[in-house]
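Asker: sequence and predicted structure, then a few things I'm wondering about:
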Amino acid sequence: MSTLSEEPDLHAHFPLPDVSDWKAQVEKELKGLPLEKLNKQTYEAILVKPLYTAADLPTGLDSYPGQGKHIRGESAAGYVALPWQVCQELPSPNFATWNAAALHDLGKGLDALWLEMGQTSTLTLHSVEDLGVAFAGLGQTPVYLRTSSPSLPLGALLLGHWQKTGQDLSALRGGVLADPLADLAAQGHLPAALTQILDQQAALSRELAQSAPGYFSLALDGCVWHRAGASATQELACLLASAVSYLRAFDERGVTPETLIPRLHWTLAIGPDFLLELAKIRALRLLWQRVLGAYGLKGSLWLHASTSPNYLSQVQPYTNLLRVTSQAFCAVLGGVSSLQTACFNQPFEHQNGGYPDEFARRQARNVQLILREESNLARLIDPLGGAYAIEALTQQVAEQAWALFQKIEQAGGMMAALESGLPQTMIATTRLQRQKDHATRKQGLVGTSVYALSADESESQHLLPPVPVPTPGPLRPGMPVWLPNPEALQAPDLRQQLTTSALHGAQWRDLQAAFCPYPDQGTQVSALGLFRAAAPFEALRARLAALPTPPNILLLPLGERKMYQPRVDFCLGFLQVAGLKVEVPAAFASVEAAAEAWAQSGADAAVLCSGDTLYPELVPGLLDAAQAKGLADKQPLLLAGYPKEQVEHYTALGIAQFLYLGADLVSTLNTLLDQLSTGEGN
């Protein structure tokens, strides 16, 4: 035995295990199945392994953050020098309530503000006066305005507001953010030809680069592609292809890459796949450095992250807090510059005119504050650097995204690719696979598609009461004389023209009409679809809620407990996804007793729960007993399980549906509701 003064021989006491030893132990636990059974195939066609070692590390890793490929972050000091901005959207019906919420929340941990001004926003900006109401008391708080394309009308109003309020433009932070290519893909059209809109965007970027050098003037919005259901690599490829298209187009319009690159504001949506989303964040920085290298330039990117709206649910909405927390944690570990965390009741926004109350906003904000102040994540510098799995996946995501980017380039660039439908088609394929995986519960949503609440259980939505939204008056006839000359985008006094127009009363719609006089002649392409994992399940519950009387489903357990109990538990969870009321009686001794209980219960449908080996006797016996009591012609009988060899036979006998692992839950329950609403039985 060694004494405290002696150097212990740790290798003698704790021999280093070999990977082959670990693999042998795992396969033993898997009862002889190969280790590859634990590999996970992602939507990016990447295999995520259960264990990564030093052998998986790619070559040429960066030594420090802020250097080389910037995989490890944009700053050598990470968040120690500059923590991420807590940058929240504050959904509101008008600018007065938005300003009140902003002033309240800025005193409670908020660093910056995100303001949606696009097609999906209920906030309608008319004039400089509206900006005065919105920005009253905000001082130099960074405000990022995400607007639909083109952003030049909003830029004119901002210039007018800044001059009216005497702003120091050199100290301004924030951005007026339009992404014409993403907007075109999302909406399927633009209010003018893309070339005209790019003319306007380039003019605005040139003016802001001179007057407000710290202000972003062009968006690269990955949320658009993410909301359509894109994979991580598709999202990155579309972002990269858009960025390169803008660099070329703006250069042709006199805005050099050196001028434009610092004006670019990047956004990624962070989904639930923790490792892949981390890899996506890091891969974007790697890919951008590759593009900059091709231009012979150096630089960094400002990356804003938003938690994903795709996986928020109206069913059991408090679970959204957990989703948002996981995604926010992922974004911070990835090293984003600013972060927006959604309110847990975001799926209810605009429903009956309601908006998240102060409680909901506080919960969303506090997710970030806890990560920063309690978890101390702002004191870390790239904690994931060198992690075998993260570094390996980052490289794989980057290479696959680069290959997709090259495919878009070979199609003629992003505009030509959108016209041919290339990005829309490849994203639609991924979206359909996601929808299938959620319908079959290969991918689950806790509280919505798995572990769902019953119909009579609910949670507070924490929505403010509706506020009437004023309707703008009719357009003034003719074009006011104070509008800028839309043909003079290269004029040296363009900024003065825009400012003067705004200060003399030009409204957004006036400016829009001046710069886009023929909206019917705007560029058109096939629009992207939208993906929300919870939508089909919410529709099921809405359909059930619309029925005058909620259906009752009776489970009929028969046989030994070890045969029926797992299927009883499974069916209970399966049926409650739609909010159906399910009765679970004690096991029955015979099919006659089960049929009698069914008749006495008044249930609208029943589910036979037992073992496959007993079904050849139980299925015809129960159907006969039910027929004798007049049930089989009116109330459907479902079967727990899917005995493949007998499915056709049981269907012919009268089984209406099969409930089993891997079934399309949405289709099965919709069919069941069809049968219950029409009174069809077997």
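Answerer: Thanks, I have the structure now. Numbers count the residues shown, from 1 in each chain.

Asker: what residues of stretch 548-557 count as buried?
Answerer: 551-557 (16 or more other C-beta atoms under 10 Å). No exception for glycine: its C-beta is placed from N, CA and C like everyone else's.

Asker: what's the end-to-end length of that stretch?
Answerer: 29 Å (C-alpha to C-alpha, to the nearest Å).

Asker: tell me which entries of the buried residues of stretch 548-557 lie within strands.
Answerer: With strands defined by DSSP state E, the entries of the buried residues of stretch 548-557 inside them are 552-557.

Asker: identify, from the residues you listed, the entry nearest to residue 409.
Answerer: residue 553 (54.6 Å; C-beta to C-beta).

Asker: spit out the contact partners of that closest one.
Answerer: 575, 580-583, 603-607 (C-beta atoms under 8 Å, 6 or more residues apart in numbering).

Asker: also residue 334?
Answerer: Going by C-beta under 8 Å, 6+ apart, residue 334 touches 277-278, 280-282, 305, 384.

Asker: now do residue 596
Answerer: Per C-beta under 8 Å, 6+ apart, neighbours of residue 596: residue 629.

Asker: check what pLDDT it gets.
Answerer: Confidence at residue 596, expressed as pLDDT, is 93.

Asker: next, it: secondary structure please.
Answerer: The assignment at residue 596 comes out as helix when based on DSSP: H, G, I helix; E, B strand; the rest coil.

Asker: what's the spacing between it and residue 625?
Answerer: 8 Å (C-beta to C-beta, to the nearest Å).

Asker: cool, residue 358 as well?
Answerer: 59 Å.

Asker: thinking again about what came up before, export the buried residues of stretch 548-557 to CSV and tack on distance to residue 564 and pLDDT?
Answerer: Below are the buried residues of stretch 548-557 laid out as CSV (distance: C-beta to C-beta, whole Å; pLDDT from 0 to 100):
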residue, distance to residue 564, pLDDT
551, 22, 90
552, 20, 92
553, 16, 94
554, 14, 96
555, 9, 97
556, 9, 96
557, 4, 97
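
Asker: which residues touch the residue most central in space within the chain?
Answerer: Of all residues in the chain, the one closest to the mean position by C-alpha atoms, centre = their mean is residue 308, 2.6 Å from it. Contacts here follow C-beta under 8 Å, 6+ apart; on that basis residue 308 touches 226, 269-272, 323, 327.

Asker: packing partners of the strand or helix carrying residue 290?
Answerer: Element membership of residue 290, judged by DSSP states H and E, is helix 274-294. Judged by 3 or more C-beta pairs under 8 Å, 6 or more residues apart in numbering; DSSP states H and E, helix 274-294 is in contact with helix 232-252, strand 264-270, strand 302-307, helix 319-334, helix 388-410.

Asker: how near is the closest residue in space to residue 563 that isn't next to it in sequence to residue 562?
Answerer: Distances taken as C-beta to C-beta, 6 or more residues apart in numbering place residue 611 nearest to residue 563, at 3.4 Å, with adjacent residues excluded. Distance of residue 611 to residue 562, computed by C-beta to C-beta: 8 Å.

Asker: still on that earlier bit, show me which of the contacts of residue 553 are buried.
Answerer: 575, 580-582, 603-607.

Asker: any weak-confidence spans in the stretch 101-250 of the chain?
Answerer: Residue ranges of the stretch 101-250 of the chain with pLDDT under 70: 118-121.

Asker: which stretches in it count as strands?
Answerer: Taking DSSP state E, counting those that start in this stretch to define them, one finds strands in the stretch 101-250 of the chain at 112-117, 143-147, 174-177, 215-216, 218-221.

Asker: closest one to residue 641 among the ones you listed?
Answerer: For the strands of the stretch 101-250 of the chain, proximity to residue 641 was assessed by C-beta to C-beta; strand 218-221 is nearest, at 46.4 Å.

Asker: distance between that closest one and the chain's centre?
Answerer: Computed by C-alpha atoms, centre = their mean, to the nearest Å, the chain-centroid distance of strand 218-221 equals 17 Å.

Asker: who does it pair up with?
Answerer: strand 264-270 (parallel) (DSSP bridges).

Asker: more neighbours: which of residue 358 and residue 625?
Answerer: Neighbour count, other C-beta atoms under 10 Å: between residue 358 and residue 625, residue 625 has more, with 20 against 13.

Asker: find the nearest non-adjacent residue to the more buried one, please.
Answerer: residue 595 (3.6 Å).

Asker: coming back round to it: now the contacts of residue 334 in TSV, with pLDDT, distance to residue 74 and neighbour count?
Answerer: Putting the contacts of residue 334 into TSV (pLDDT from 0 to 100; distance: C-beta to C-beta, whole Å; neighbours: other C-beta atoms under 10 Å) gives the following:
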residue	pLDDT	distance to residue 74	neighbour count
277	97	18	24
278	97	16	25
280	98	16	29
281	97	11	26
282	96	11	28
305	97	14	29
384	91	15	20
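
Asker: widest-spaced pair of those?
Answerer: Farthest pair in the contacts of residue 334, by C-beta to C-beta: 305 and 384, 15.2 Å.

Asker: one step back: mark which of the buried ones among the contacts of residue 553 are part of strands, please.
Answerer: Those of the buried ones among the contacts of residue 553 lying in strands (DSSP E): 581-582, 605-607.

Asker: closest to residue 211 among these?
Answerer: Among those, and counting by C-beta to C-beta, the member closest to residue 211 is residue 581, at 63.9 Å.

Asker: do I have it right that that closest one meets residue 549?
Answerer: No. Counting by C-beta atoms under 8 Å, residue 549 is not a contact partner of residue 581; they are 10.3 Å apart.

Asker: returning to that earlier point: in the ones in strands among the buried residues of stretch 548-557, find the pair that's most separated.
Answerer: For those, the farthest-apart pair by C-beta to C-beta is 552 and 557; their separation is 16.6 Å.

Asker: could the contacts of residue 553 go into CSV alongside distance to residue 342 and pLDDT?
Answerer: CSV is the format used below for the contacts of residue 553 (distance: C-beta to C-beta, whole Å; pLDDT from 0 to 100):
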residue, distance to residue 342, pLDDT
575, 30, 94
580, 29, 91
581, 32, 91
582, 32, 93
583, 37, 94
603, 40, 92
604, 38, 92
605, 37, 94
606, 41, 95
607, 37, 96
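
Asker: just the residues you listed now: which is nearest residue 165?
Answerer: Nearest to residue 165 among those, with distances taken as C-beta to C-beta, is residue 580, at 57.8 Å.
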